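Peer 1: With the input below, show me the fold.
(2 chains)
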Amino acid sequence: MLASQNNSNDEMLTNDGIPLKKKLAKSLFKSRLRAFGLVTPLLLLISLGFVFPILVFLTRGVYNDTFEKYMINLTPMLAEWDGKTEPTEEMFEALVLDLVALKKSKNIGKVASRMNRELSGSRSLFTSSARKAKKLEFPFKESLIQVKKKWGNLDTWRAMKVTSHSLTPVFLASALDMKYTADGTIVQKPEERRIHVRLFVRTLEISLIVVIAGLILGYPVAFLLASLPIRISNLLLILVLLPFWTSLLVRTTAWIAMLQGQGVLNDMFVVFGIATDEDRFTLIYNKAGTLISMTHILLPFMILPIYSVMKTISPSYVRAAKSMGATSWTAFWRIYFPQTIPGIGAGAILVFILAISFYITPALIGGQDGTMISNFIDYHMRKSLNWSLAAAMGGVLLVIVLFLYWIYDRVVGIDNMKLG
Amino acid sequence: MKFLNLIAVTVSALVVATVATAGSITVVSWGGAYTKSQVEAYHKPWAKKTGNTVVSEDYSGGLAEVKAQVESGNVTWDVVDVELSDALQGCDEGILEVIDPSTLPAAPDGTPATDDFMDGALQECAVGNIVWSTIYAYDKTKFDTAPTTMADFFDVEKFPGKRGMRKLGKAMLEMALMGDGVPASEVYDLLNTPAGVDRAFAKLDTIKDHVVWWEAGAQPPQLLADGEVTMTIVWNGRIFNAIAAEGQPFGLVWDGQVYDLDLFVIPKGSKNKEAALDFIRFSTDTKRLADQASWINYGPVRNSSIPMIGTYHSDSSINMVDHMPTTEAALKNALQNDFMFWADNGEELNERFNAWLAK
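Peer 2: Numbering: from 1, shown residues only, chains lettered A, B, ... in the order given. The predicted model follows:
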């Protein structure tokens, strides 16, 4: 009783008797609702058109129910099987039943493809056995082994056991050059089949070099743009923006014409005696070509944020430093440069994140040692049709980017980033 | 009233548009000189005969787009030109329509289609149209003595210069073994053993630093023409086109060729299935297949078409029959691509090939 009295004494009431706090919250709620209503279309677009499909696709990297969905009789038996003893007659019978059903429903290829990823040679094992499955008779174990000897092989059954789990680390392991075995251990793949880790490292390396090269090339340009009189700097800005507006494909192809063996650059080297006509530089279809063209293509993303931050720095700071006796270098390094760091941070992270997922340029001029992880994600999307592996690789890439973003936030601080 | 008129006009325009698209099919093929040969020999006559229109689209092979269309239920392609291995895999996965070969037209002498087509050209879901081949070609101006064998391709001492190769394990591994002196007939037996695969990669290793890798079929003639490479692996039709139509000084070598079939398929759920079937029946009859051969030197898959093959469309001095991958001279040391081998081992070998490339 006392408490409520206290309460009513404390609160200010509006003239219609409602506590002011409540009234304020009510009117604020209305305006919040209106604001939310305004962003709803965008929110819906992003969640339905961006976040949701990405999440759905990423789940493919850990979940593939092809085997479980189609091998309905065999899957529960494989779950009970220990992976060491000889498979029983019942398991063979279930297998034959499934094969017959799959042949009829024309889904055998789906299971065969899925199995072939686990164990090379399973595709023809499944498709050809399915063709004959209808005529097989008791005892199924012997008759199936008679069709294909591989059915008597424990490795075939272990591979089926691994594949029968829908929720599986198989693809994530494969994205990191490892193999998930039937007894639940994860082992490294043989040397000659390891590729992804090397590509992830190379992708990070290329992205980092592009960022550093972009900084070295872009910083002076941004400085020039910011310090020149507006009429000239606007003209120069157009020169920066013009390639920025040109199609990526056009710029990449232009670099091919510039860099190739019989290209403009090499012709000039020959004219000036730097290279001989027979022994020209290999500037394309390798890492060098990828680095050169990616640096050029991403340069505007470095220049523009640095430029817009530089524009906001008042020249009086440097003047003040100089008037107090600082040399030009000290004035630049101690006074001017620290103020441009937010721009450098923004440019660097923008270029890095764009570079890490770069795809068209390395595909066209990467050759053998200039391709990046995104080219292999594309390879598994379009060529090998192993979408689960592509999703797993994409997931790993996403985790790497988020991790680097986190480190960046810890070291530089994300609030320290400025786009203008 | 004006508004109503506008609606009426729009509606009638839409109706006309739908009628127009009802008789339109989308045929997808590999682009370049090859698509042109199909447009001239198949699309135009069929469109003229039926009054339908054919929309031609290019792709670079593989089942990814077909799979995506079928799985999303939005099938926009009606006929696709695919390789044999893809035709079989697509059929097994249920993403292609079944085509009854008995509905195909018979040969002019009455031989039923099922006997007229060469082995493997009629599949449950696919009808063959050409035999194409992966061979190697060289720039005549760069060498005094012409290369003649597959081994010469791998000999950068005797025949200096860069090499163009396809960025895919298929056919490259076979050619590496043949370049190492393995006769065509033993290649797949050897590739089925780990030692054989090691040997193929070891052979590729010897020229790895000299290779420019290509992915699209139009690239290798361009690489040769630009002087980027002195020899390149290439599809035989593309290089013939560069020689006959563009007058390039290229020579080609049939020794160690790897030949394969291209087939027409219909993605499951095609909205114009009947028209697509009609198109396939029309295009794979004896005359059209023979006509197509005068635009590009890919061999027709019907036996009855071979005597009807004429001369090159723009140069009557070139007898097309002599340039087919299936002539006796060309088949002396030739290998038919083993689709079963690649269906089973493609994933593993391509993985290893890619790992080897990235090293």
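Peer 1: if you average pLDDT over stretch B:227-239, what comes out?
Peer 2: Average pLDDT, stretch B:227-239: 91.
Peer 1: That one and chain A in contact?
Peer 2: Yes - using C-beta under 8 Å from any C-beta of the partner chain, stretch B:227-239 comes into contact with chain A via B:227-228. All C-beta spots, glycine's among them, are computed from the backbone N, C-alpha and C.
Peer 1: Would you mind measuring the gap between the ends of that stretch?
Peer 2: Stretch B:227-239 has an end-to-end distance of 15 Å (C-alpha to C-alpha, to the nearest Å).
Peer 1: Repeat that for stretch B:292-311.
Peer 2: By C-alpha to C-alpha, the extent of stretch B:292-311 from end to end equals 11 Å.
Peer 1: Quick one: name the residues of the stretch 101-250 of chain A near chain B.
Peer 2: The interface of the stretch 101-250 of chain A toward chain B, taken as C-beta under 8 Å from any C-beta, is made up of A:105-110, A:112-113, A:116-117, A:120-124, A:127, A:192-195, A:198-199, A:202.
Peer 1: Quick check on those residues: which are buried?
Peer 2: A:106-110, A:112-113, A:116-117, A:120-124, A:127, A:193-195, A:199, A:202 (16 or more other C-beta atoms under 10 Å in any protein chain shown).
Peer 1: pretty sure residue A:297 contacts residue A:251?
Peer 2: Yes - shown here, residue A:297 and residue A:251 form a contact pair, counting by C-beta atoms under 8 Å, at 5.6 Å.
Peer 1: ok, how many other residues are close to residue A:188?
Peer 2: Here the number of neighbours of residue A:188 (other C-beta atoms under 10 Å in any protein chain shown) works out to 13.
Peer 1: That one pairs with what?
Peer 2: Beta-bridge pairing of residue A:188 under DSSP bridges involves residue A:178.
Peer 1: For the one residue in chain A that gets nearest to chain B, pull up the helix or strand it's in.
Peer 2: Closest residue of chain A to chain B, C-beta to the nearest C-beta: residue A:109 (2.6 Å). Counting by DSSP states H and E, the element that carries residue A:109 is helix A:108-118.
Peer 1: ditto for residue B:257
Peer 2: Under the criterion of DSSP H and E, residue B:257 resides in strand B:250-265.
Peer 1: Return the distance of that strand from the chain's centre.
Peer 2: Chain-centre distance of strand B:250-265: 8 Å, with C-alpha atoms, centre = their mean, to the nearest Å.
Peer 1: what does whichever helix or strand comes after it contact?
Peer 2: As assigned by DSSP H and E, the chain's next helix or strand after strand B:250-265 is helix B:273-283. Identification of contacts with helix B:273-283 by C-beta atoms under 8 Å, 6 or more residues apart in numbering or on different chains yields B:23, B:25, B:27, B:38, B:41-42, B:45-46, B:49-50, B:52, B:54, B:78-79, B:97, B:99, B:103-105, B:127, B:129, B:264, B:266, B:270, B:288-289.
Peer 1: hmm, try it at 7 Å
Peer 2: Helix B:273-283 has contacts (C-beta atoms under 7 Å, 6 or more residues apart in numbering or on different chains) with B:23, B:25, B:27, B:42, B:46, B:50, B:52, B:78-79, B:97, B:99, B:103-105, B:127, B:129, B:264, B:266, B:270, B:288.
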